[in-house]
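Chemist: no sequence for this one, just the structure:
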């Protein structure tokens, strides 16, 4: 299944709700407009309490990070230039618990990985197409609360579309409920994505 990530400013997708922009930095605008390519360092950080067992019974608090370095011809439809570099970080799993707090907590028999970014290819319009895999180990989970059963190991793949905003948004200081400019004005911070709840994406562009 392909899920489109609603991560672009209201200016580009017509989201409901106001977008705020400051007076444009014309020198910064010129920097981007004279650069054929833009290299993005993208960091996605997840935090939430998802299922850690393949049957959905066992839960835990999970954090995960994926990183991507990619060069895009932003004046030519965000075509990918060269080979993207992907870095995946093992998930950190804490506070395992059952859906019923009073029941036995799940016991993992291996490593749970919430999201591994496997591949990045051109997506629709100016988007990037992500293929991601979630890995469930064998997990002993509650059954009728006080007894247990084994939820078998499983891998689940899914696909997403991550829309990449124009780097000129930094110079414009554009912000809305889905996108903000970082305090140092070097990155765009995207959140509230439809389909990837719990993720915050920080996109840092450099010319060339």
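Modeler: Perfect, I can see it now. Since we're looking at a predicted model, the values are computed, not measured.
Chemist: Would you check how far apart the spatially closest residue to residue 48 that is not a sequence neighbour and residue 129 are?
Modeler: Distances taken as C-beta to C-beta, 6 or more residues apart in numbering place residue 198 nearest to residue 48, at 3.6 Å, with adjacent residues excluded. All C-beta spots, glycine's among them, are computed from the backbone N, C-alpha and C. With distances taken as C-beta to C-beta, to the nearest Å, residue 198 is found 20 Å from residue 129.
Chemist: quick one: contacts for the spatially most central residue of the chain?
Modeler: Closest to where the C-alpha atoms of the chain average out (C-alpha atoms, centre = their mean) is residue 44, at 4.4 Å. Listed by C-beta atoms under 8 Å, 6 or more residues apart in numbering, the contact partners of residue 44 are 65-68, 115, 117, 199-201.
Chemist: In strands, which of those fall?
Modeler: With strands defined by DSSP state E, the entries of the contacts of residue 44 inside them are 65-68, 115, 117, 199-201.
Chemist: Can you flag the buried ones in the residues you listed?
Modeler: 65-68, 115, 117, 199, 201 (16 or more other C-beta atoms under 10 Å).
Chemist: Report the mean confidence score over the lengthiest helix in the chain.
Modeler: Longest helix of the chain, by residue count under DSSP state H: helix 26-33. Per-region confidence: helix 26-33 scores 83 on mean pLDDT.
Chemist: Following the chain onward from that helix, which element is next?
Modeler: strand 38-48 (DSSP states H and E).
Chemist: what comes up buried for that following strand?
Modeler: 38-46.
Chemist: ok so, going back, make CSV from the ones in strands among the contacts of residue 44 and add distance to residue 89 and pLDDT to it.
Modeler: What follows is these, written out as CSV (distance: C-beta to C-beta, whole Å; pLDDT from 0 to 100):
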residue, distance to residue 89, pLDDT
65, 4, 98
66, 7, 98
67, 8, 98
68, 12, 98
115, 10, 97
117, 10, 97
199, 14, 94
200, 15, 95
201, 15, 96
